[in-house]
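Asker: how would this look folded up:
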Amino acid sequence: MTLTEPTRRRFLSSMGAVGGFAVAGLAMPYYARGSSSRPVFTSGVQSGDVDQTSGVIWTRVDRPSRLFVEYSTSDKFSNAIRLPPIDVTPDSDLTAKLLLQDLPADQEVFYRFRAADLQDINSRSEPILGQFRTAPVARRDIRFVWSGDTVGQGWGIDEEGMRTYSTIAYHRPDFMIHSGDTIYADNPVPDEISLRGGGVWKNRVVTEAKREIAQTLDQFRGQWTYNLLDEHVKSLNAVCPIFYQWDDHEVLNNWSPSTDLSHDDRYKEKSVAVLSARAAQAFHEMTPTRHVAAEPGRVYRKVSYGPLLDVFFVDLRSYRGPNSHGLDEKLSPQSRIFGERQVAWLKRELVRSTATWKVIACDLSIGLVIWDDYGNRRGSESISNGDNGAPLGRELEFADLLRFIRDAGISNMIWLTADVHYAAAHHYSPERAKFREFLPFWEFVAGPLHSGTYGPQELDMTFGPEVKFMKAAPGGAEQNLPPSAGMQFFGLVDIDGASEQLTVRLMDRNDQELWRVVLDPERTS
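Answerer: Predicted coordinates for the structure are as follows:
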């Protein structure tokens, strides 16, 4: 059946209201409130990686349980499809995620979980509910958001909570891209933080896992479950698919094969390979990302969202060489940041794409200079090396990709990122660049979602970036501004189903529009 808008509104209304934030038509999920003898859902529900015929759903319980799952195209579950029960155990930190398949395109899908205690199979929870909409097969309006950087610099769940998530929910996006730094595994959350201008930030919720940096698997898991204690986060997750990628703070700051923890007394575990393996396991347990059988644990992937949009998620963390000087004259495995196999995949999938718009969700910015050692301005953490010259080091790999995109005639591409904790729009053009073998393109930066706001970074002119808009902390002593300062940012993208125009807006957590641009698609014969 096709769900009508009144039915959709009735379902959302039945799920309640977003905690403390007036969001018309949005709802808070129904959370099980069983007694201690009945299983309880601890972290809400999530969906992700939704395309035309499938989507991943996720939940977590408080004890080993048997989960009963059903889904429907009706909010009354009158035509529900029941899946075989699945058991969850501590081996997956009591999480479960399932791929729903053979779904109708462009359709609201409602799902619910019930849990039975494995020690007492007749002790069952109340249901917990969620929903998502599958991608279209025909042209229609599409809206999605992106941002990143959650619970960084010790700014945890205060009395307001992570309110940017509720601001995003107000816009009722088809999905959200979380661009990385989804947790800050290396940033403990204290009870209080003294504010620079006077006053005290009080973290209302502090768990044992967040009081320390993450080293063990359970500590990494605890970083994720902390974020899912926030009502704004859970409310958005219940009604909006989240497409996740990762960056450095899922493990630790600026990690690469050259990271040396031998003199860092905070870390008893000195192997970055061990830490990143534990972090990757927690990432895939705690997010509704698809399993890639060809490379279990892979983060890079494509999500096709109908004839107007393909989203390509890249991973600039897992396959990089060391964070060195960035001045290598020849491309080698040591100077790569995408990695040879990922670049080949991206080129292949871009050529195959028939979508009007190709969006590259990237965990790092292209032209901003990010030093591995900020104090000494040394070491290349991102793509650009800061010399403003012809491509060297990691820039060689990116230059090769841009040249390929030009030669293959791939148009209508934009890049989205977060990471630097401010909002910006960058336009890249060969007319301004030292390397000129590419087509002009846009890069849009948003974030943080709930972390400190920082001052602007310098641009490297190798690929000819120009700042078209920027809103950031002043820099210097006036940075790491708390979320209460209001400088928390997200990006909002609308694709018009009729004209195929793409509009990008940069927004703050008070829902103020800061800047916008409207892009017309290039037509190919």
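Asker: Only C-alpha atoms from now on, for both contacts and neighbour counts.
Answerer: OK.
Asker: quick one: contacts for Gln46?
Answerer: Ile57, Trp58, Thr59, Gly130, Asn237, Ala238, Cys240, Pro241, Ile242, Thr287, Pro288 (C-alpha atoms under 8 Å, 6 or more residues apart in numbering).
Asker: Looking at strand pairing, list the partners for the fourth one.
Answerer: Beta bridges link Gly130 to Tyr111, judged by DSSP bridges.
Asker: Could you check how far it is from Glu329?
Answerer: Remark: distance between Gly130 and Glu329 (C-alpha to C-alpha, to the nearest Å) = 51 Å.
Asker: Worst mean pLDDT across the helices and strands of this structure, which element?
Answerer: None of the helices or strands of the chain scores lower by mean pLDDT, DSSP states H and E than helix 5-14, at a mean of 42.
Asker: could you point out which element follows that one?
Answerer: For helix 5-14, the following helix or strand on the C-terminal side (DSSP states H and E) is strand 41-48.
Asker: pLDDT of that following strand, averaged?
Answerer: Strand 41-48 carries an average pLDDT of 98.
Asker: What strands line up against it, and which way round?
Answerer: Sheet pairing of strand 41-48 (DSSP bridges) gives strand 55-61 (antiparallel).
Asker: Just the CA atoms of the strand it pairs with, as CSV, please.
Answerer: In CSV, the C-alpha atoms belonging to strand 55-61 read as follows (Å, rounded to 0.1, in the frame of the first residue of the first chain):
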residue,chain,number,x,y,z
GLY,A,55,17.8,-0.4,4.5
VAL,A,56,19.7,-1.4,7.7
ILE,A,57,18.0,-1.2,11.1
TRP,A,58,19.6,-1.3,14.5
THR,A,59,18.9,-1.4,18.2
ARG,A,60,20.5,-2.4,21.6
VAL,A,61,19.2,-4.1,24.7
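Asker: What mean pLDDT does that strand get?
Answerer: 98.
Asker: Give the residue spans of this structure that score low on pLDDT.
Answerer: Low-confidence regions of the chain, defined by pLDDT under 70, span residues 1-36, 525.
Asker: list the contacts for Phe338?
Answerer: Residues near Phe338 by C-alpha under 8 Å, 6+ apart: Val314, Asp315, Leu316, Arg317, Tyr319, Arg320, Glu397.
Asker: Could you check how far it is from Asn412?
Answerer: 21 Å.
Asker: swap in Pro483?
Answerer: 34 Å.
Asker: Tell me which of these two has more neighbours.
Answerer: A direct count of neighbours by other C-alpha atoms under 10 Å for Pro483 and Asn412 places Pro483 higher, at 25 against 19.
Asker: Isn't that one up against His450?
Answerer: Yes - using C-alpha atoms under 8 Å, Pro483 makes contact with His450 at a distance of 5.9 Å.
Asker: got any residues that touch both of those two?
Answerer: Trp155.
Asker: which residues does the residue most central in space within the chain bridge with?
Answerer: Nearest residue to the geometric centre of the chain (C-alpha atoms, centre = their mean): His178, 1.4 Å. Going by DSSP bridges, His178 is paired in beta bridges with Ser147, Tyr244.
Asker: do the same with Phe313
Answerer: The partner residues for Phe313, given DSSP bridges, come to Arg301, Ala361.
Asker: for it, what are its contacts?
Answerer: With C-alpha under 8 Å, 6+ apart, Phe313 has these contacts: Gln245, Val299, Tyr300, Arg301, Lys302, Ile360, Ala361, Cys362.
Asker: which of the residues you listed sit farthest apart?
Answerer: Spatial extent of the contacts of Phe313 (C-alpha to C-alpha) is set by the pair Val299 and Ile360 at 13.4 Å.
Asker: and those two? which has more neighbours close in?
Answerer: Val299 (23 against 20).
Asker: any idea how far Glu295 is from the residue nearest to the centre of the chain?
Answerer: 22 Å.
Asker: What of Lys76?
Answerer: Separation of Lys76 from Glu295 (C-alpha to C-alpha): 39 Å.
Asker: for the residue nearest to Arg60 when sequence neighbours are not counted, phi and psi?
Answerer: Of all residues not flanking Arg60 in the chain, Thr95 sits nearest, at 4.2 Å (C-alpha to C-alpha, 6 or more residues apart in numbering). The phi and psi values for Thr95, taken as degrees, to the nearest 10, are phi -100, psi 160.
Asker: Report how many residues lie close to Thr95.
Answerer: 24.
Asker: Asp260 now?
Answerer: 12.
Asker: and if you look at Asn79?
Answerer: With other C-alpha under 10 Å as criterion, Asn79 counts 13.
Asker: you'd agree it is up against Ser72?
Answerer: Yes - between Asn79 and Ser72 there is a contact at 5.9 Å, judged by C-alpha under 8 Å.
Asker: now the strands for the stretch 401-525 of the chain?
Answerer: Under the criterion DSSP state E, counting those that start in this stretch, strands of the stretch 401-525 of the chain are mapped to 413-417, 423-428, 441-445, 465-471, 489-495, 502-508, 513-519.
Asker: go on, the stretch 201-350 of the chain?
Answerer: So, for the stretch 201-350 of the chain - with DSSP E, counting those that start in this stretch - the strands run 242-244, 301-304, 309-313.
Asker: Turn the ones you listed into TSV, including distance to Ala135.
Answerer: Listed next are the strands of the stretch 201-350 of the chain as TSV, based on distance: least, C-alpha to C-alpha, whole Å:
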stretch	distance to Ala135
strand 242-244	14
strand 301-304	8
strand 309-313	10
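Asker: and of those, who's closest to Gly476?
Answerer: Short answer: strand 242-244, nearest of these by C-alpha to C-alpha, at 31.5 Å.
Asker: tell me what that closest one is packed against?
Answerer: Helices and strands touching strand 242-244, by 3 or more C-alpha pairs under 8 Å, 6 or more residues apart in numbering; DSSP states H and E, are strand 41-48, strand 175-178.
Asker: can you do 10 Å?
Answerer: The criterion is 3 or more C-alpha pairs under 10 Å, 6 or more residues apart in numbering; DSSP states H and E, and the helices and strands that strand 242-244 contacts are strand 41-48, strand 142-147, strand 175-178, strand 309-313.
Asker: wait, which of these is closest to Ile168?
Answerer: Ranked by C-alpha to C-alpha, the member of the helices and strands packed on strand 242-244 that lies closest to Ile168 is strand 142-147, at 7.5 Å.
Asker: Many thanks, we can stop here.
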